[in-house]
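K.L.:
predicted model follows, preceded by the sequence.
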Amino acid sequence: MGHSHDHGHHHHTNNKKALLLSFSFIAIFMVVEIIGGLLTNSLALLSDAGHMFSDAFALGLSLFAFKLSEKATNHSKTFGYKRFEIVAAFINGLTLALISIYIFWEAYNRFLEPPEVSGTMLWIAVIGLIVNIVVAYILMYSGDTKENLNMRSALLHVLGDLLGSVGAIVAGILILLFNWNIADPIASIFVAALILVSGLRVIKDSIHILMEGMPDHLSFKEIENQLMQLQGVTSVHDLHVWTITSGFPALSCHIVVEDGLDRDHLLQHASKLLHDQFEIHHTTIQIEGLHANIAHSEDNCN
């Protein structure tokens, strides 16, 4: 069975370019924002800078994952290193959650003792917002953030950071106009909550793939029913559908057929069905005769 990966290779190249450019923008401004947060004594700005550091880490890790996935398969890694993209997404989701918890803790302490915050944080936050908008645009329109979990986790880091910049700007305006320093931890809590939700979602999706879960866009029952409708098929069992990495679903199953059926012809039809209707290009199908299957029951397969 031939597989076409040209489209995936195009996305892979674009994803690497988008990540490299985004990493450069984030890493440069991260240093500026950390210095600014220390000088202005702003938690909203420092939390934004801390999240920007996680962005640089996330983007760098995602880029490394794409590079590692290019390594050829070998006897110990028969699928190659493609799944490291999912591992990278899991790590990114975990860092999002940990960062949000740290911001919650810092904000709690600042509620107890609201510090003096310089209004200069406003201007640094505005520049940070512009940088994040540029990076988010690069990732969304140059990379495959819709289908690729690794890219999506990197984008969520940047979007969370973008919201952090918005929160720092709002806090800066309130401090300038009303000298309301408590706006700083309030803005931080709002941003931390959004970051936490995003992180937990990425963790959930990556664990689902690592646990060989059914791809969300596919229906187990629908695949089974379509295979059952093929001429000469009496039953389908030991059906497994999972994801190797984003955009790379795989399937294996046993198909029981009537005796005397042209098995090669059926195999071609089944493979074409899975390819055309469900976009599953990597399939392993074992065909069994009806009488042979009586001795080898489905319970044994399960």
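P.N.:
Nice, I can see it.
K.L.:
so which residues of the stretch 201-302 of the chain form strands?
P.N.:
233-245, 248-257, 282-289 (DSSP state E, counting those that start in this stretch).
K.L.:
just the ones you listed: most buried one?
P.N.:
strand 248-257 (a mean of 20; mean count of other C-beta atoms under 10 Å). Backbone N, C-alpha and C define where each C-beta goes, glycine included.
K.L.:
if we can go back for a sec, out of the strands of the stretch 201-302 of the chain, flag the one nearest residue 19.
P.N.:
Closest to residue 19 of those is strand 233-245 (C-beta to C-beta; 15.6 Å).
K.L.:
in CSV, list the C-alpha atoms belonging to stretch 268-284.
P.N.:
Extracted C-alpha coordinates of stretch 268-284, given in CSV (Å, rounded to 0.1, in the frame of the first residue of the first chain):
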residue,chain,number,x,y,z
GLN,A,268,-7.6,-3.2,-2.0
HIS,A,269,-11.2,-2.1,-1.5
ALA,A,270,-10.9,-1.9,2.3
SER,A,271,-7.6,0.1,2.1
LYS,A,272,-9.2,2.5,-0.5
LEU,A,273,-12.3,2.9,1.7
LEU,A,274,-10.2,3.8,4.8
HIS,A,275,-8.0,6.1,2.7
ASP,A,276,-10.7,8.0,0.9
GLN,A,277,-13.5,8.2,3.5
PHE,A,278,-11.4,8.5,6.8
GLU,A,279,-8.0,9.7,5.5
ILE,A,280,-6.3,6.8,7.3
HIS,A,281,-3.2,6.0,5.2
HIS,A,282,-1.4,3.6,7.5
THR,A,283,-3.5,0.4,7.8
THR,A,284,-2.7,-3.2,8.8
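K.L.:
run through who's touching that stretch.
P.N.:
Identification of contacts with stretch 268-284 by C-beta atoms under 8 Å, 6 or more residues apart in numbering yields 1, 3-4, 218, 223, 226-227, 230, 241, 244, 248-253, 255, 285.
K.L.:
please state the offset of it from the chain centre?
P.N.:
25 Å (C-alpha atoms, centre = their mean, to the nearest Å).
K.L.:
report the buried residues of it.
P.N.:
For stretch 268-284, burial by neighbour count (16 or more other C-beta atoms under 10 Å) applies to 269-271, 273-275, 278, 280-281, 283.
K.L.:
what about those, which are in helices?
P.N.:
269-271, 273-275, 278 (DSSP state H).
K.L.:
export the residues you listed to TSV and append columns for pLDDT and distance to residue 21.
P.N.:
Shown next, in TSV, are these (pLDDT from 0 to 100; distance: C-beta to C-beta, whole Å):
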residue	pLDDT	distance to residue 21
269	92	45
270	93	43
271	93	39
273	93	41
274	94	37
275	93	34
278	93	34
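K.L.:
which of the residues you listed sits closest to residue 30?
P.N.:
Distances from residue 30 to those, taken by C-beta to C-beta, are shortest for residue 278, at 42.4 Å.
K.L.:
that closest one and residue 272: what is the separation?
P.N.:
11 Å (C-beta to C-beta, to the nearest Å).
K.L.:
and what of residue 163?
P.N.:
For residue 163, the distance to residue 272 equals 46 Å [C-beta to C-beta].
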